[in-house]
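J.: Quick one, fold the following:
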Amino acid sequence: QVQLQESGPGLVKPSQTLSLNCVVSGGSITTSYYSWTWIRQPPGKGLEWMGAITFDGTTYYNTSLNSRAFISRDTSKDQFSLQLSSVTPEDTAVYYCAAGVGDTSEYWGQGTQVTVSS
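T.: Alright, predicted model coming up:
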């Protein structure tokens, strides 16, 4: 059973870079055909797929983020990370990491609240 745990700063100032980390247990981020995904939910809005990194290191991003997102991984620690640059209050959301085969998201972390405010 794959388990995911996000961690992050909680509060970020506008124009700074948000960095989040997701620790994977019960599985390996190099397991064939798995994708490791970041999803967020702003207050009062629906879920937004932000991007993913696949088992072989290929990355995909939501174009609506205007190239502000960068996803990386540390295969030695079974962790993957999200960096979101030039944040604004509109980036305030609960951020989730998720995983599944292909473009599915079978496993989810509990989510971490990030607030962008000065």
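
J.: From now on I want contacts and neighbour counts done on CA atoms only, so please keep to that.
T.: Fine.

J.: Beta-bridge partners for A52, please?
T.: T37, Y60 (DSSP bridges).

J.: can you check C97 too?
T.: W38.

J.: show me what contacts it?
T.: Contact analysis of C97 by Cα atoms under 8 Å, 6 or more residues apart in numbering lists 4-6, 22, 36-39, 108-109, 111.

J.: And the residues you listed, which two are furthest apart?
T.: By the measure Cα to Cα, W36 and G111 form the most distant pair in the contacts of C97, at 14.3 Å.

J.: neighbour-wise, which of those two wins?
T.: Using other Cα atoms under 10 Å as the criterion, W36 and G111 rank with W36 on top: 32 against 21.

J.: Which of the helices or strands spans the closest residue to that one other than its chain neighbours?
T.: Leaving aside its chain neighbours, W36 sits nearest to A99 (4.6 Å; criterion: Cα to Cα, 6 or more residues apart in numbering). A99 is located in strand 93-101, with elements delineated by DSSP states H and E.

J.: Contact partners for the most centrally placed residue in the chain?
T.: For the chain, the residue nearest the mean C-alpha position is W38 (2.7 Å; Cα atoms, centre = their mean). W38 sits next to 49-52, 82, 95-98 when contact means Cα under 8 Å, 6+ apart.
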